[in-house]
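Chemist: task: produce atomic coordinates for the following.
(chains A, B, C, D, E and F)
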Protein chains: 6
Amino acid sequence: MVYVTKGIEFSATHRLFNPEFDDAKNDRVFGKCNNRNGHGHNYRLEVTVKGAPDPATGMTFDLSELRKILEEVVQARFDHKNLNLDVAEMKGMVPTAENIARVIWKLLEQRLSGKLDRIRLFETQNNIVEYRGEG
Amino acid sequence: MVYVTKGIEFSATHRLFNPEFDDAKNDRVFGKCNNRNGHGHNYRLEVTVKGAPDPATGMTFDLSELRKILEEVVQARFDHKNLNLDVAEMKGMVPTAENIARVIWKLLEQRLSGKLDRIRLFETQNNIVEYRGEG
Amino acid sequence: MVYVTKGIEFSATHRLFNPEFDDAKNDRVFGKCNNRNGHGHNYRLEVTVKGAPDPATGMTFDLSELRKILEEVVQARFDHKNLNLDVAEMKGMVPTAENIARVIWKLLEQRLSGKLDRIRLFETQNNIVEYRGEG
Amino acid sequence: MVYVTKGIEFSATHRLFNPEFDDAKNDRVFGKCNNRNGHGHNYRLEVTVKGAPDPATGMTFDLSELRKILEEVVQARFDHKNLNLDVAEMKGMVPTAENIARVIWKLLEQRLSGKLDRIRLFETQNNIVEYRGEG
Amino acid sequence: MVYVTKGIEFSATHRLFNPEFDDAKNDRVFGKCNNRNGHGHNYRLEVTVKGAPDPATGMTFDLSELRKILEEVVQARFDHKNLNLDVAEMKGMVPTAENIARVIWKLLEQRLSGKLDRIRLFETQNNIVEYRGEG
Amino acid sequence: MVYVTKGIEFSATHRLFNPEFDDAKNDRVFGKCNNRNGHGHNYRLEVTVKGAPDPATGMTFDLSELRKILEEVVQARFDHKNLNLDVAEMKGMVPTAENIARVIWKLLEQRLSGKLDRIRLFETQNNIVEYRGEG
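Modeler: Model prediction:
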């Protein structure tokens, strides 16, 4: 078993707020992340797949195929997008890093079923979430 | 003469478009950066001041004072903001890194007059502008 | 279950030596880290908490609260300090990264009980310890 | 139990191909990594050992000894080398990051037996493999 | 005048030696970089262009056009290549970072004439050359 | 003319204070950097030399020789040292980054005369000084 990780980046905007909260509560809960007109990040995503390397190729997973999957599934949906308005799968959710990570997991699982081990999403260098498909 | 650089970060959203261009031209000129609902970045700003260190303190510029100036002048205006809508000084400009850098220069010059040497603005690790107050 | 990591930094000085060893043994065991007048590092600490995101906020843990806890518990104690002389909780210990990490764990556990998953302490980019509260 | 990680770097060249495949298949499977005259990387290796810190020294493992082991076992074999031609232990293998990691694990295990926890090999910042001795 | 920098990466192999030197001299002059079967690097290139931003677009240079130029001129020639054998423009030269930088400058100048300000080539994080077209 | 930069690191401790100031003034001027028992940093130094590459070797300066000079001149003096107490050349100076840089310049100039172009000293990722031998 070898764990292979591919890193990619995407730039997106978001606003953290819950439409069921009033303004005061949104401000209290989400602080400056509730800026009405949004703010943004250069997100970094690390996707880890696991498996036994194929003895003939020495590869656990073809990295150029993995990159293509990440371009189709993640970058086409999230890069240069507004996570509150432009991503169908995020509708009705607060676009926190936790929720973005769970949506990305769900989307990737359909393409990497049984091989997906964990994903890490860096909102900044200092704010990072990891999801392993638990719960 | 010693050059002293302070780095800070801010997270903001922007959309690149010129309201005087039609949609087709905005798309052609700005590509995916013209996404109607915006996208965002973790910007990194490096501000360089120059001067002879004070013999009694060994310091060219008090870095905690410089940090305070950058918090007041830059972070209070740009962090967790929408650069098209929330920053008075950017109104009427396409919020490219070039224009953000020139606006920041102008604002900092009022506080650091004669000491400001250059600023570098990283939109991503691979897109960087430098401005030295020329033109 | 989502794992959320917050990174912070602090600058500190330390000297590695055991007062029960003689000078020759301290030199043999700790090498240049036994410099009598100390040496220092920019430490980077990554603190990971785990939990199910709150459905109403999308957050596992309020990151601005976590930052405040880390400022109070870690930075107020360790930043711009001498780890041999200034930190009560380190008294009587060799201030290796291993011991610093265990002290930080113990301090954080009181504030993050049941949610703390692991901490990583980078003494340099190439010397890193991880502690998960085992033993 | 504390996990201690040491990072090192080495620069090497490799060509990915299987001599039992014909040219067309090598191109299809390995793409540009099959360039006949090779290509290269600055590899970064992170080696993690685990153990209880010695109460007298506060150290899980003497890091200067670990560095010496990594210089002898890894850098002497892999740094400024051609992984297809210069490394006896890689003979007959496609020198993918997966296979390099497994060879390094096997070599290190002889020196760090029972303490080696995992290794991570970065081929680039975005292509990373982790091996924990499984399989 | 604003200076705009684009960063890209390429992975290549090289061997430093001068065919007019004998083996002993090549070893003395180039050390481990003279490994007969080559070694390699993840090179990072930063290309800086200068100019006044266009008032209508706020851009000094269209970064997606610059990226395309760098893909055609630099990555197509140097990425996943052997710098001693695969790059026509490097023939007859020792492929040091200095010479690679001068060849890249000459190639880029034809496409960016009058706008090219300087290029920086990182062989590793610690070995960097800068060329500004002087001499 | 090509500019060649070598980066190295050293870990040191320092305390910023002027013995001619009283305690209150030292606190006011140097803030937390005046901690009586010191604090420390992982310093990064980048040394730039300039020159025309030798046509026979393609090298402006032998980088392994430059590394040796930096080990002898900089690391032997500053690494794992207390900059207030252990470095003869710093005696009587406040060990700010500005003063450390000027001392390093003076020491290097004796070995690299006429070729030294500039040095950059990173106290942290966000506090950087550059000295070019002016004044």
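
Chemist: next up, the contacts around the residue nearest to the spatial centre of chain A.
Modeler: By CA atoms, centre = their mean, chain A has its centre lying nearest to residue A:101, at 3.8 Å. Going by CB atoms under 8 Å, 6 or more residues apart in numbering or on different chains, residue A:101 touches A:119, A:121, A:129, A:130, A:131, C:2. Just so you know, the C-beta spots here come from the backbone N, C-alpha and C atoms, and that holds for glycine as well.

Chemist: so which of those comes closest to residue C:26?
Modeler: The nearest member of those to residue C:26, counting by CB to CB, is residue A:130 at 39.9 Å.

Chemist: against chain D, how distant is the residue nearest to the centre of chain A?
Modeler: Applying CB to the nearest CB, to the nearest Å, the value for residue A:101 to chain D is 18 Å.

Chemist: assign that residue to helix, strand or coil.
Modeler: Using DSSP: H, G, I helix; E, B strand; the rest coil, the structure places residue A:101 in helix.

Chemist: who's in contact with stretch A:59-68?
Modeler: If you take CB under 8 Å, 6+ apart as the criterion, stretch A:59-68 is touched by A:2, A:4, A:6, A:8, A:47, A:49-54, A:115, D:29, D:31, D:94, D:96, D:98, D:127, D:129.

Chemist: narrow the residues you listed to those in strands?
Modeler: Of the contacts of stretch A:59-68, the ones assigned to strands by DSSP state E are A:2, A:4, A:6, A:8, A:47, A:49, A:50, A:51, D:127, D:129.

Chemist: now whichever residue of chain A sits closest to chain B, nearest residue through space, not along the chain?
Modeler: Proximity of chain A to chain B (CB to the nearest CB) peaks at residue A:40, 0.7 Å away. Counting by CB to CB, 6 or more residues apart in numbering or on different chains, residue B:40 is the residue found nearest to residue A:40 once chain neighbours are left out, at 0.7 Å.

Chemist: one more: residue A:127?
Modeler: In this structure, residue A:127 finds its nearest non-sequential neighbour in residue C:63, 6.0 Å apart by CB to CB, 6+ apart.

Chemist: same question, residue A:4
Modeler: Leaving aside its sequence neighbours, residue A:4 sits nearest to residue A:60 (CB to CB, 6+ apart; 4.7 Å).

Chemist: and what of residue A:102?
Modeler: residue A:131 (5.9 Å).

Chemist: same check, this time on residue A:73
Modeler: Of all residues not flanking residue A:73 in the chain, residue A:107 sits nearest, at 5.1 Å (CB to CB, 6+ apart).

Chemist: roughly how far apart are that neighbour and residue F:62?
Modeler: 52 Å (CB to CB, to the nearest Å).

Chemist: check residue A:83 too.
Modeler: Residue A:83 sits 51 Å away from residue F:62, going by CB to CB.

Chemist: so the residue lying farthest from the centre of chain A versus residue D:16, what's the distance?
Modeler: Most distant residue from the mean C-alpha position of chain A: residue A:56, 32.4 Å away (CA atoms, centre = their mean). Going from residue A:56 to residue D:16 by CB to CB gives 12 Å.

Chemist: tell me the SS of the residue nearest to residue A:4?
Modeler: coil.

Chemist: show the contacting residues for the nearest residue to residue A:135 once chain neighbours are set aside.
Modeler: What sits nearest to residue A:135 in space, not counting adjacent residues and going by CB to CB, 6+ apart, is residue C:1, at 5.1 Å. Contact partners of residue C:1, counting by CB under 8 Å, 6+ apart, are A:132, A:134, A:135, C:50, C:51, C:52.

Chemist: out of these, which are buried?
Modeler: C:50, C:51 (16 or more other CB atoms under 10 Å in any protein chain shown).

Chemist: of the contacts of residue C:1, which is the nearest to chain E?
Modeler: Ranked by distance to chain E (CB to the nearest CB), these are led by residue A:132 at 29.2 Å.

Chemist: give the contact list for that closest one.
Modeler: Residue A:132 sits next to A:117, A:118, C:1, C:3 when contact means CB under 8 Å, 6+ apart.

Chemist: so what pLDDT did it get?
Modeler: Model confidence at residue A:132, given as pLDDT, is 98.

Chemist: so what does it look like in phi/psi?
Modeler: Dihedral pair for residue A:132: phi -120, psi 20, per degrees, to the nearest 10.

Chemist: how much space is there between it and residue B:50?
Modeler: To residue B:50, residue A:132 is 50 Å away according to CB to CB.

Chemist: for the residue in chain A positioned nearest to chain F, which non-adjacent residue is spatially closest?
Modeler: Nearest residue of chain A to chain F: residue A:125, at 9.7 Å (CB to the nearest CB). Leaving aside its chain neighbours, residue A:125 sits nearest to residue C:7 (6.5 Å; criterion: CB to CB, 6+ apart).

Chemist: just the CA coordinates for stretch A:60-80, please, in CSV.
Modeler: Below are the C-alpha coordinates for stretch A:60-80, written out as CSV (Å, rounded to 0.1, in the frame of the first residue of the first chain):
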residue,chain,number,x,y,z
THR,A,60,-0.3,3.3,-7.8
PHE,A,61,-2.4,5.7,-9.9
ASP,A,62,-1.6,7.4,-13.2
LEU,A,63,-0.9,11.0,-12.0
SER,A,64,-1.7,12.6,-15.3
GLU,A,65,-5.1,10.8,-15.2
LEU,A,66,-5.5,12.0,-11.6
ARG,A,67,-4.7,15.6,-12.7
LYS,A,68,-7.3,15.3,-15.5
ILE,A,69,-9.9,14.2,-13.0
LEU,A,70,-9.1,17.0,-10.6
GLU,A,71,-9.3,19.5,-13.5
GLU,A,72,-12.7,18.2,-14.5
VAL,A,73,-14.2,17.6,-11.1
VAL,A,74,-12.6,20.4,-9.0
GLN,A,75,-11.1,23.1,-11.1
ALA,A,76,-13.8,23.4,-13.7
ARG,A,77,-16.3,23.8,-10.8
PHE,A,78,-14.4,25.9,-8.2
ASP,A,79,-11.6,27.8,-10.0
HIS,A,80,-12.4,31.5,-10.6
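
Chemist: please point out which parts of that stretch sit buried.
Modeler: Of the residues in stretch A:60-80, A:60-63, A:66-67, A:69-70, A:73-75, A:77-80 count as buried by neighbour count, 16+ other CB under 10 Å.

Chemist: pLDDT averaged over that stretch, what's the number?
Modeler: On average, stretch A:60-80 scores 97.

Chemist: what mean pLDDT does the helix or strand that contains the residue nearest to residue A:73 get?
Modeler: Element membership for residue A:107 (DSSP states H and E) is helix A:97-112. Mean pLDDT, computed over helix A:97-112, is 97.

Chemist: next structured bit after it?
Modeler: strand A:116-124.

Chemist: adjacent strands (with direction) for that following strand?
Modeler: According to DSSP bridges, strand A:116-124 forms sheet pairs with strand A:39-51 (antiparallel), strand A:127-131 (antiparallel).

Chemist: how far out from the middle of the chain is the last one?
Modeler: Relative to the mean C-alpha coordinate of its chain, strand A:127-131 is positioned 9 Å out (CA atoms, centre = their mean, to the nearest Å).

Chemist: same check, this time on the first one
Modeler: The chain centroid and the centroid of strand A:39-51 are separated by 6 Å, computed with CA atoms, centre = their mean.

Chemist: quick one on the thing from earlier: nearest residue to the residue farthest from the centre of chain A in space, please, no chain neighbours.
Modeler: Residue nearest to residue A:56 in three dimensions, not counting chain neighbours: residue D:18, with 5.9 Å by CB to CB, 6+ apart.

Chemist: returning to that earlier point: can I get the strands paired with strand A:116-124 in a markdown table with distance to residue A:24?
Modeler: Conversion of the strands paired with strand A:116-124 to a markdown table gives the following (distance: least, CB to CB, whole Å):
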| stretch | distance to residue A:24 |
| --- | --- |
| strand A:39-51 | 20 |
| strand A:127-131 | 25 |
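
Chemist: between those, which gets nearest to residue C:89?
Modeler: strand A:127-131 (26.6 Å).
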